[in-house]
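Enquirer: got a predicted structure plus its sequence, pasted below:
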Amino acid sequence: MRNLFTILSILSLAPFLILAQEIDPDTNQEVASDLDSLWGGALADISGSNSSTDPLPQRWARTEYQSFILSNDFEITDQPQLREYDFEIKAVTANPDGYTRQIYTINGQFPAPVIEVNTGDTVRVHVRNSLDIPQTIHWHGISQNGTNIMDGVPGITQCPIPPGSNFTYEFPIVEQYGTYWYHSHFANTMADGIAGAFIVHNPNDPLKRGRDYDEERILLIQDWMWDQSTDIVAALKSREGYRGSPGAPKGDSILINNVGQTNCSGPNYPQGAECNLPKLPEIPVIVGKKTRIRIINTGAHSMLRISIDQHELEVAEVDTDPVLGPTIHEIPVAPAQRYSIIVDANQGQAGDKFWLRANVAVGCMDKVRQEAFAVFRYTNNNEQYDDGDEVPDTQAWDDLAAFDSPCRDLDDQYTLTPRDPIDAFTKPLQTHALSSKFGTFLGVKGQNITGFAFNNISFQNQIWDPMLPHVIDSGNYSVENVAQVVFDCDGYVDLILNNLDGGIDHPYHLHGNEFQVIKRGNGNLTVEEAQAMDLSNITNPLRRDTIFIPGNAYAILRIRTDNPGVWALHCHIGWHLAVGKLATMVVRPDDIKSFEQPEDWKGLCAGQDTDEEGPARRSLDSPTSPAGHLQSLREVKNRVITRTGPRDV
């Protein structure tokens, strides 16, 4: 019989173990592992849960160490094929940062499995929702040209997948390549773990393996909370707020490739909870080789600044477009943004290690320093090293941004030139504006709503009566529960985004389209002022799908209307989205009327209450339990307490 302390030690290293899922050869079903047997059913095995108070699931999350290493054996080809996946969304237990909590996963994996395809492939994903709350999956950055119904936004393009039900997403990858990702779009359960990388290769990618770089890695970065997202959202909508504040919470820790190290002695750490810090994450690179690192910020709030001691970062991709960018020491990555950087492992020999630093850009938050670390490790062939508790002794670059310096997007600081040049599209046929701000607004039922809004409409999610079917049926949508702009022309248009929040910066993501960044500026820009500007002779502007706009500032986005559909546009701070910060862009509604409505897609709505407001529901009453109860929830889990201070770096 295994020694219990050995087992606990193994669990503390779980993020770097590959725990194989065991399958019964006769039934082809998952069976209990040795670790499950160890617990002997002492903890309830729950398939889904939506509260921090629920017992922890018996199964533990698995992190596939190799999933962050993209194999050079993947065939990059222009011969299309079908890529088929089976996904089960379920709840498991994990200790990503020292605190053990329930998370949501796909196939028990944290992060979710990597999807890796070629341009032209068809992706088919069979999703089973084994939670006790609804779910959807959004394929972030994928254009869904011709498949708007597969965009995965509840209340906009579909009804969610009910608990215990199945749905198949299927869509082709049309003319796209680069770094994408996928995540839950139900409430803010993305923040509970449902997120994974989605990589699209193309033989015509201007960035060539073997010429521009030798190896590829995935680097997932995110802020992380100890409480379940549904509890946090409920508290944010209450009078008390979350931890006494109505503002979006800063992460309790930062995860790098889904591993972090929290401050177990911090003032917010749950009283009475154990703290078992996992081993520091390692990023292996091959000595003497150039590595393309695909960075994805899967977090719910924080902009993170990434640097690697003694290594310069060549910016080579922005969201999904290859660029000629600067070679710098630090790169800011807002939530939902992606960058590829090329790093040359030419500073030592195999076994050497350096700090990779993730610093929270707190200039747009609470001005309190927060940082995380990973080991950037030189290897001969991605082998793992056993250094005990020995950590790198390297020093940070001396020109990194101050921790409280203003939050600014990379294109707001440097010139980023697309390698595949496209000059600014011709003079736009239409111009519309979406202005966003925090305040109190009138709801569709005459109620006062405090939260975020576009054009004075705070999103009230009619989750079982989505917008797209209405537009397919009639060519318009008349319910004023979500702001909308309509572009009915076939050509090029301008969309003005005004961030009217004086002290709050926002990352805005547009579904289904990438846009050209035509102009940035301060203040509130009107349609008339934009139309009076000469914006027709702009050479090869940056293209992307997620843009970070500071408070009291605007951006003009130019869009080609070659993708009819109802497309969400929202802040990718999940806590802001959960309290109303979503609008829609309706492109060519007459063409939308010809969209097919598959029976399984319509069937998601069958038997549901079309008047029910979804996860964006507000309540004017306080929740049954005050927000302050969230810090003491862990006492019910009867864990042994081990206090460990933060690692000094």
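Expert: Okay, I see it. As the structure is a prediction and not an experimental result, all values here were calculated from the model.
Enquirer: where do the strands sit along the stretch 51-200 of the chain?
Expert: Using DSSP state E, counting those that start in this stretch, the strands of the stretch 51-200 of the chain run over 69-70, 82-94, 101-106, 115-118, 122-129, 137-140, 166-172, 178-184, 195-201.
Enquirer: so for residue 252, which of the ones you listed sits nearest?
Expert: Distance to residue 252, taken as CB to CB, is lowest for strand 101-106 among the strands of the stretch 51-200 of the chain, at 10.1 Å. Using the backbone N, CA and C atoms, a C-beta is placed for each residue, glycine as well.
Enquirer: and that closest one, what does it pack against?
Expert: Contact here means 3 or more CB pairs under 8 Å, 6 or more residues apart in numbering; DSSP states H and E; on that basis strand 101-106 packs against strand 82-94.
Enquirer: quick one: mean pLDDT over the strand it packs on.
Expert: Averaged over strand 82-94, pLDDT sits at 98.
Enquirer: same deal with stretch 257-272?
Expert: If you average the pLDDT over stretch 257-272, you get 92.
Enquirer: distance between the ends of it?
Expert: With CA to CA, to the nearest Å as the measure, stretch 257-272 spans 28 Å from end to end.
Enquirer: picking up where we left off before, what's the closest of the strands of the stretch 51-200 of the chain to residue 583?
Expert: Comparing those against residue 583 with CB to CB, the closest turns out to be strand 137-140 (15.8 Å).
Enquirer: which residues does that closest one contact?
Expert: Here strand 137-140 makes contact (CB atoms under 8 Å, 6 or more residues apart in numbering) with 87, 123, 125, 127, 150-153, 169, 171, 180-185, 194, 198, 336, 509, 511, 545.
Enquirer: cool, stretch 512-519 as well?
Expert: Outside stretch 512-519, the residues touching it (CB under 8 Å, 6+ apart) are 141, 143-145, 148, 151, 319-321, 411, 422, 424-425, 494-495, 533, 535, 538, 541-545, 547, 555-560, 563, 565, 567, 585, 587.
Enquirer: from the middle of its chain, how far away would it be?
Expert: Here stretch 512-519 is found 19 Å from its chain centre; the criterion is CA atoms, centre = their mean, to the nearest Å.
Enquirer: narrow the contacts of stretch 512-519 to those in strands?
Expert: Applying DSSP state E to the contacts of stretch 512-519, the entries found in strands are 321, 494-495, 543-544, 547, 555-560, 565, 567, 585, 587.
Enquirer: is there a quick PyMOL command that grabs whichever of these are buried?
Expert: Buried subset of these, written as a PyMOL selection, criterion 16 or more other CB atoms under 10 Å:
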select buried, resi 321+494+495+543+544+547+555+556+557+558+559+560+565+567+585+587
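Enquirer: of all the ones in strands among the contacts of stretch 512-519, which comes closest to residue 299?
Expert: Nearest member of the ones in strands among the contacts of stretch 512-519 to residue 299, counting by CB to CB, is residue 547, at 16.6 Å.
Enquirer: what distance do you get for residue 55 to residue 93?
Expert: Separation of residue 55 from residue 93 (CB to CB, to the nearest Å): 10 Å.
Enquirer: tell me if I'm right that residue 472 and residue 595 touch.
Expert: Yes: using CB atoms under 8 Å, residue 472 is in contact with residue 595, at 4.9 Å.
Enquirer: next, format the strands of the stretch 51-200 of the chain as TSV and append mean neighbour count and distance to residue 240.
Expert: Listed next are those as TSV, based on neighbours: other CB atoms under 10 Å; distance: least, CB to CB, whole Å:
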stretch	mean neighbour count	distance to residue 240
strand 69-70	19	45
strand 82-94	19	27
strand 101-106	25	22
strand 115-118	20	40
strand 122-129	18	31
strand 137-140	25	31
strand 166-172	19	36
strand 178-184	25	26
strand 195-201	23	29
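Enquirer: a markdown table for those strands, including distance to residue 397?
Expert: Below are the strands of the stretch 51-200 of the chain laid out as a markdown table (distance: least, CB to CB, whole Å):
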| stretch | distance to residue 397 |
| --- | --- |
| strand 69-70 | 26 |
| strand 82-94 | 33 |
| strand 101-106 | 34 |
| strand 115-118 | 32 |
| strand 122-129 | 40 |
| strand 137-140 | 30 |
| strand 166-172 | 42 |
| strand 178-184 | 24 |
| strand 195-201 | 27 |
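Enquirer: out of these, nearest to residue 401?
Expert: Taking CB to CB, strand 178-184 is the member of the strands of the stretch 51-200 of the chain nearest to residue 401, at 23.3 Å.
Enquirer: same for the closest one, what does it pack against?
Expert: Using 3+ CB pairs under 8 Å, 6+ apart, the elements in contact with strand 178-184 are strand 137-140, strand 195-201, strand 290-297, strand 338-344.
Enquirer: if we go to 6 Å?
Expert: Contacts defined by 3 or more CB pairs under 6 Å, 6 or more residues apart in numbering; DSSP states H and E place strand 178-184 against strand 137-140, strand 195-201.
Enquirer: given the first one, what are its sheet partners and their directions?
Expert: Meaning strand 137-140. strand 178-184 (antiparallel) (DSSP bridges).
Enquirer: now swap in the last one and tell me
Expert: Taking DSSP bridges as the criterion, strand 195-201 pairs within the sheet with strand 115-118 (parallel), strand 178-184 (antiparallel).
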